[in-house]
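In: Can you look at this prediction? I've put the sequence above it.
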Amino acid sequence: MRSRAHHSRRARGFSLIEVVIGMTILAMITASLFGIIKSSVKGASDVEKLQRENDQVNRFVEQCRITLETMPASATLSLSVMDQGTGMQELKVAGVPACFPFGANPISYEDTSIGLRPDLVKPTSEGDTPMPRYTLGVTRKDIIPQTSDTTVAVQQASLGPDAADDQGRYWMPLLPGVVQLQWEFYKESTKEWVQEWSTAQWPELIKMHLTMDGRTHPLTMTFAPPELKLRAATQKAPAAPVDTKNANNNNNNGGNGRGGKGGNDKGGKGNPPPQPKGGKGGGTPPPKPS
């Protein structure tokens, strides 16, 4: 009887409490694994996003370096503040055909402007103190091709974040997620950094401060424009050296009666030596007898 009762007890299976405890443990393990997988995926995504952002920043910095450090002598730079409240600046480069070769016409003689535009997709940055986000881009007159489809392209651009600004200019986005972009030009005469520049003379140094969303410290880069060394168009040719030794020899040969060669002409005959005066016959008279 005891063996049958014990056998029937084991055949009933797990009780409700045991099932609940087992499911609770399984849920805890599953939640822990899901949290680990989620954090791993998020970490990999953040690393990929940061790497992609670094690549975009490096390409922009390299284009700035190529443009500002290899400018031809005909290039001009101007820096102006577009908004006094936010300090937004605009850098204009003129006379550089290969300045940021993007768009339908990569080689262009139009003026190229580098500036910020409001980010309409994500207007504010992340963090405890949200700040306005911008998209860094370039613009010039021929950045949109002048073809039969220009009207359609303009209409499509006017519907998206690449719409024209208040001056009717269309921008090509290069770097999204920018919080601040500041340019500084070094003025040698006053030994100071200025944030506006309108003279035709190049600054000695150009400094850029770029702050990206999610980063506490800005990226600072310094560029050195090429030095222009102007030389005179014509220079006086040096005089040919004079051989004084040969000139003296020629003078001596001509004085002794020998035909010395003076350059390409033959030297003239020298003067004969003086003859003593004598009597008739040309000889010396004999002495008189005593």
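Out: Happy to help now that I have it.
In: And the helices in the stretch 1-150 of the chain?
Out: Ranges of helices in the stretch 1-150 of the chain, per DSSP state H, counting those that start in this stretch, are 2-11, 16-69, 150-159.
In: For the following helix or strand past the last one, which strands pair with it and how are they oriented?
Out: Yep, that's helix 150-159 we're talking about. For helix 150-159, the following helix or strand on the C-terminal side (DSSP states H and E) is strand 172-187. Strand 172-187 pairs in its sheet with strand 134-139 (antiparallel), strand 192-194 (antiparallel), strand 206-212 (antiparallel), by DSSP bridges.
In: could you give the angle of the longest one to helix 16-69?
Out: It refers to strand 206-212. On the basis of axes from the mean of the first three to the mean of the last three Cα atoms, to 10 degrees, strand 206-212 is oriented at 170 degrees to helix 16-69.
In: Okay, buried residues for strand 206-212 please.
Out: For strand 206-212, the neighbour count (16 or more other Cβ atoms under 10 Å) marks 206, 208, 210-212 as buried. Where you see a C-beta, it was placed from the backbone N, CA and C, and this is true even at glycine.
In: what angle separates whatever helix or strand comes next after that strand from strand 172-187?
Out: Next along the chain after strand 206-212, taking DSSP H and E as the criterion, comes strand 219-223. For strand 219-223 against strand 172-187, the angle by the same axes, to 10 degrees is 60 degrees.
In: Pull out the buried residues from strand 219-223.
Out: For strand 219-223, the neighbour count (16+ other Cβ under 10 Å) marks 221, 223 as buried.
In: Now do that strand: everything it contacts.
Out: For strand 219-223, contacts defined as Cβ atoms under 8 Å, 6 or more residues apart in numbering pick out 57, 61, 64-65, 68-69, 205-212.
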